[in-house]
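> I would like to see how this sequence folds:
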Amino acid sequence: NLSTFFEYDEQVRKTIYTTNPIEGMHRQVRKITKTKGAFSSEQALMKLMFLIIRDISKKWTMPIHNWGLTISQLYIKFGDRLKLDRGF
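As a prediction, the model looks like this:
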């Protein structure tokens, strides 16, 4: 339900809609493959997919922007239901 999404503060909403890893990976794969007309073989396609996923994986080590603020807001909202190491 979309109205549930808007119950969260802006920072939490931004984290939710910008960090879906499956959508992000699909978008990046599509960005590269849409310019290719055809592949010479299945192995060529597999090699390209390997290289794309390898490059995407390197970017996944980046921290989430304003994570401290976001996790603090989630902790206020969910309190004891949010089990975390308090090192945020």
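> could you measure D80 against E10, distance?
24 Å (Cβ to Cβ, to the nearest Å). Bear in mind the C-beta positions are built from the backbone N, C-alpha and C, glycine included.
> Where is the longest helix in this protein?
helix 42-59 (DSSP state H).
> Name the SS class of the residue of the chain most remote from its centre, please.
Most distant residue from the mean C-alpha position of the chain: S40, 31.4 Å away (Cα atoms, centre = their mean). Three-state assignment for S40 (DSSP: H, G, I helix; E, B strand; the rest coil): coil.
> Below-threshold pLDDT in the chain: ranges please.
Within the chain, the ranges that satisfy pLDDT under 70 run 1, 18-20, 62, 84-88.
> The same query, at a cut-off of 80, please.
When residues are selected by pLDDT under 80, those of the chain lie in 1-6, 11, 14-22, 59-65, 80, 82-88.
> Would you map the helices across it?
2-5, 10-18, 21-33, 42-59, 67-78.
> I'd say R13 and T4 touch.
No - applying Cβ atoms under 8 Å as the test, R13 and T4 come out as separate, 10.7 Å apart.
> The two: which is more packed in?
R13 (14 against 7; other Cβ atoms under 10 Å).
> distance of the nearest residue in space to that one that is not next to it in sequence from G24?
Distance criterion Cβ to Cβ, 6 or more residues apart in numbering; nearest residue to R13, sequence neighbours excluded, is F5 at 6.3 Å. Between F5 and G24 the distance, using Cβ to Cβ, works out to 18 Å.
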